[in-house]
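Novice: coordinates only, sequence not included:
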Ligand code: SDX
């Protein structure tokens with residue numbers, strides 16, 4: 001099949017033929033990489049019209065509200081799989097058979113502990129430090145403990161690093177929480193499942209046997225699945241950009257954690273609960289929806305809108321169902337859920353939100369479930385980072401194990417033209 005081409009017409013220049021790339025799924029893309037050789041650049045702040053890479057890991061159809069991981073829908077994975085099986089899928093491209101799954105889970109279990117000296121890191125933080133600040137620091141420092149496996153060109157080093165990060169993030173996340181409480185930092189237990197072990201380290205203590213509710217463990221595992229990967233979002237793009245310089249994977253993941261922290265991205269789940277607290281009561285919803293629509297008011301409805309989804313975020317739909325299940329199972333009647341449901345109903349019927357296609361995203365309901373599980377708001381983004389680590393690693397590994405260049409965008413320069421310095425005594 002002859003390659004399709006785009007013709008770029010620029011006044012005073014010959015027409016430029018640009019190849020059109022055909023994806024497996026989604027829109028065709030114009031390959032503009034040859035523009036530089038012709039002295040031209042594209043300008044696309046926020047990369048709203050730019051594909052930064054080729055990838056086989058995750059596909060999002062924003063118009064249809066569809067999310068696939070290696071071809072499997074998020075709805076099916078959330079209903080039938082578990083987080084470690086999704087980790088295997090994201091990293092290896094196929095679902096594991098029974099033997100492969102048992103081996104993968106066993107290897108993760110053998111890496112859940114952190115070096116004892118890492119426990120000393122926590123003592124340098126104030127007890128009221130935001131757990132994301134602690135997580136950024138501790139994960140970035142992990143490379144100091146693994147000098148034996150930092151050769152990014154070595155596939156075995158990349159593999160053991162993936163296992164270490166997936167296995168240790170729950171341990172580190174729980175340590176961030178326990179440190180803030182002034183409670184003993186818990187050790188992982190290898191007889192527990194991944195989500196069960198995390199809840200054990202979060203809510204257990206050395207003085208008694210931990211009883212983890214299977215309902216909460218299942219809900220936690222589902223939250224991990226729903227946050228595992230999401231194509232080239234801000235934090236994953238940060239991980240790829242950091243990795244493109246050859247930085248070690250722990251430094252790249254720490255960069256991803258930092259990017260995720262922002263309220264426009266992974267920090268939105270914490271911001272949603274804070275927003276619901278600020279709205280306070282159903283009677284105030286109209287006032288806040290009006291604020292969100294007011295161009296002169298910086299207030300945005302946290303948990304609404306998405307760069308890619310111009311339909312329901314399929315993860316929000318799964319999360320909403322899980323929300324009801326968990327609250328019903330626990331017999332919790334959380335007024336915040338009622339407030340969230342009313343806010344969703346009013347916003348979705350408002351012309352402004354309809355016109356701008358602002359639907360609830362993954363962060364809108366996750367906070368309510370996490371709160372029902374007993375997780376404090378400050379830990380919400382930490383759990384997002386824990387879940388997304390496998391996605392970051394999968395994308396990092398996909399880039400590093402194929403030919404790549406250092407990411408180095410240019411700019412539209414609108415500053416001063418060249419000028420000479422005035423002597424200090426002659427300046428105004
Ligand atoms: C995540 O990229 C990913 O995949 C991220 C994520 C993942 O899994 O990695 O899905 C996770 O980050 C979900 C998003 C969580 N963030 C929030 O819920 C914060 C609130 N949402 C907004 O900040 C915003 O919607 C973004 C940042 C999510 C998307 O912003 P865009 O794509 O840059 O769109 P935009 O800001 O240009 O908005 C388009 C218009 C604007 O109005 P106009 O200038 O066109 O008049 O919609 C308005 C915006 O003002 N708008 C909102 C709004 N979101 C967008 N107005 C009110 N409330 C909102 N929430």
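Specialist: Structure's in. What do you need? Please read all numbers here as calculations on a predicted model, not as lab measurements.
Novice: rest of the way, CA atoms for contacts and neighbours
Specialist: Will do.
Novice: where are the low-confidence patches of the chain?
Specialist: 1-2 (pLDDT under 70).
Novice: Would you map the strands across the protein?
Specialist: 5-8, 16-21, 29-30, 58-61, 66-69, 72-73 (DSSP state E).
Novice: Figure out which of those is closest to the ligand.
Specialist: Nearest to the ligand among the strands of the chain is strand 58-61 (8.9 Å), distances taken as Cα to the nearest ligand atom.
Novice: thinking again about what came up before, quick one, which of the strands of the chain is nearest to residue 339?
Specialist: Closest approach to residue 339 among those is made by strand 66-69 (26.8 Å; Cα to Cα).
Novice: Parallel or antiparallel, which strands does the closest one pair with?
Specialist: strand 58-61 (antiparallel), strand 72-73 (antiparallel) (DSSP bridges).
Novice: what does the stretch 251-400 of the chain have sitting close to the ligand?
Specialist: Applying Cα under 6 Å from any ligand atom, we find that the stretch 251-400 of the chain lies next to the ligand at 263-266, 268, 292-293, 300-307, 356, 361, 363.
Novice: want to throw the strands paired with strand 66-69 into a markdown table with mean neighbour count and distance to the ligand?
Specialist: Output for those, formatted as a markdown table (neighbours: other Cα atoms under 10 Å; distance: least, Cα to the nearest ligand atom, whole Å):
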| stretch | mean neighbour count | distance to the ligand |
| --- | --- | --- |
| strand 58-61 | 20 | 9 |
| strand 72-73 | 16 | 15 |
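Novice: ok, residue 190 - how many residues close by?
Specialist: Neighbourhood size, residue 190 [other Cα atoms under 10 Å]: 15.
Novice: Likewise for residue 209?
Specialist: 9.
Novice: State the phi and psi torsions of it.
Specialist: Backbone torsions for residue 209, taken as degrees, to the nearest 10, come to phi -70, psi 130.
Novice: Next, the contact list for it, please.
Specialist: Contacts here follow Cα atoms under 8 Å, 6 or more residues apart in numbering; on that basis residue 209 touches nothing.
Novice: Equivalent analysis for residue 73, please.
Specialist: The contact partners of residue 73, taken as Cα under 8 Å, 6+ apart, are 66-67.
Novice: Any idea what it is bridged to?
Specialist: Bridge pairing for residue 73 - DSSP bridges - gives residue 68.
Novice: So which other helices or strands are in contact with the lengthiest helix in the chain?
Specialist: Secondary structure of the chain read by DSSP state H shows that its longest helix is helix 155-181. The helices and strands touching helix 155-181, judged by 3 or more Cα pairs under 8 Å, 6 or more residues apart in numbering; DSSP states H and E, are helix 98-109, helix 131-141, helix 194-203, helix 380-400.
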